[in-house]
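>>> turn this into a structure:
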Amino acid sequence: MKLYRSIHDLPLHRFVECITTDSLHSLIIEGTPSEDELKTTWHKIADQYSASVGNYEYQIYLNCFKEAATLAVDLQNIEFLIEALRKAFYQPLLDALNKAMQTSVVLEGLEKEAYNKELDSLYRRSRGLKIRLHLKKAQYDALSKKFEGTGEKPSRDYFESMMITLSDHAGFQLSMNMSVFEYCERLKRFIQYVEKMNNKKWQK
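Now for the predicted structure:
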């Protein structure tokens, strides 16, 4: 009989299968262990996971909430500025819009048709931000199931959302074939990176 007994060896996809379905047979490498043996092994792995990941998962959850809230405010601000400029040209409003969208559009002196065409272009560009907001909200919804006291066990969506975040940070698609230990380490390093970036912002 052979089992996965450590987060260093257990592939993440098998860990997810165990924790989301309550079936512990994914711990089996070979043989036919008893249910008691599986439960004892799983409890040890769960303890290793908790000790390794600490509160880093919760930090990612909070960071996701902050990002979604920021995107929502940015989008609302951009849409307000575009609509205000449709009613009348005012340079401070355009300056604010250019800053929010990281553009350098010039509207002063344009004929009405060209003026509205530029605003239409800015509005279409802002739809990319709306898509990002929808994706971030979907990610937050998946994470919130674990952290908002619903009593639900973590879902597969929760882990997939975490993997999307970590893949975005790594710059390439990560595989759930990685070990649980590697997953925990990537969580820690991501949060450490975010905290470092936030500290730099405060120092400016």
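>>> pLDDT weak spots in this structure?
Residues of the chain meeting the criterion pLDDT under 70: 58, 143, 145-153, 198-204.
>>> please enumerate the helices of it.
Residue ranges of the helices in the chain, as given by DSSP state H, are 12-21, 35-53, 56-87, 91-101, 112-147, 156-170, 180-203.
>>> minimum distance to Lys2: which of those has it?
helix 35-53 (11.0 Å; C-beta to C-beta). C-betas here are computed from N, CA, C, even on glycine.
>>> show me what that closest one is packed up against.
Packing contacts for helix 35-53, counted by 3 or more C-beta pairs under 8 Å, 6 or more residues apart in numbering; DSSP states H and E, involve strand 2-3, helix 12-21, helix 180-203.
>>> run the chain-centre distance for that helix.
How far helix 35-53 lies from its chain's middle: 26 Å, per C-alpha atoms, centre = their mean, to the nearest Å.
>>> could you give me the buried positions within that helix?
For helix 35-53, burial by neighbour count (16 or more other C-beta atoms under 10 Å) applies to 37-38, 41-42, 45, 48-49, 52-53.
>>> could you do stretch 20-36 as well?
24, 26-28, 33.
>>> tell me how far it lies from the chain's centre.
31 Å.
>>> next: stretch 50-64.
Relative to its chain's centre, stretch 50-64 lies at 12 Å (C-alpha atoms, centre = their mean).
>>> what does it rub up against?
7, 136, 139-140, 143-144, 146-147, 161-162, 165, 180-181, 184-185, 187-188, 190-191, 194 (C-beta atoms under 8 Å, 6 or more residues apart in numbering).
>>> could you dump that stretch to CSV, C-alpha only?
C-alpha atoms of stretch 50-64 as CSV (Å, rounded to 0.1, in the frame of the first residue of the first chain):
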residue,chain,number,x,y,z
SER,A,50,-3.0,24.9,7.2
ALA,A,51,0.5,25.4,8.7
SER,A,52,2.0,26.2,5.3
VAL,A,53,-0.6,28.5,3.8
GLY,A,54,-1.4,30.4,7.1
ASN,A,55,-3.6,33.4,6.4
TYR,A,56,-2.2,34.0,2.9
GLU,A,57,-5.3,32.8,1.2
TYR,A,58,-7.3,35.4,3.1
GLN,A,59,-4.9,38.1,2.1
ILE,A,60,-5.5,37.2,-1.6
TYR,A,61,-9.3,37.3,-1.0
LEU,A,62,-9.0,40.8,0.5
ASN,A,63,-6.7,41.9,-2.3
CYS,A,64,-9.2,40.7,-4.9
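>>> how close does Asp9 sit to Met178?
As for Asp9, its distance to Met178 is 11 Å (criterion: C-beta to C-beta, to the nearest Å).
>>> and Tyr56, by the same measure?
With C-beta to C-beta as the criterion, Tyr56 and Met178 are 16 Å apart.
>>> got it, and Lys44?
In terms of C-beta to C-beta, Lys44 sits 20 Å off from Met178.
>>> check this structure and tell me which residue is nearest its centre.
Among the residues of the chain, the one closest to the centroid is Thr165, at 4.2 Å (C-alpha atoms, centre = their mean).
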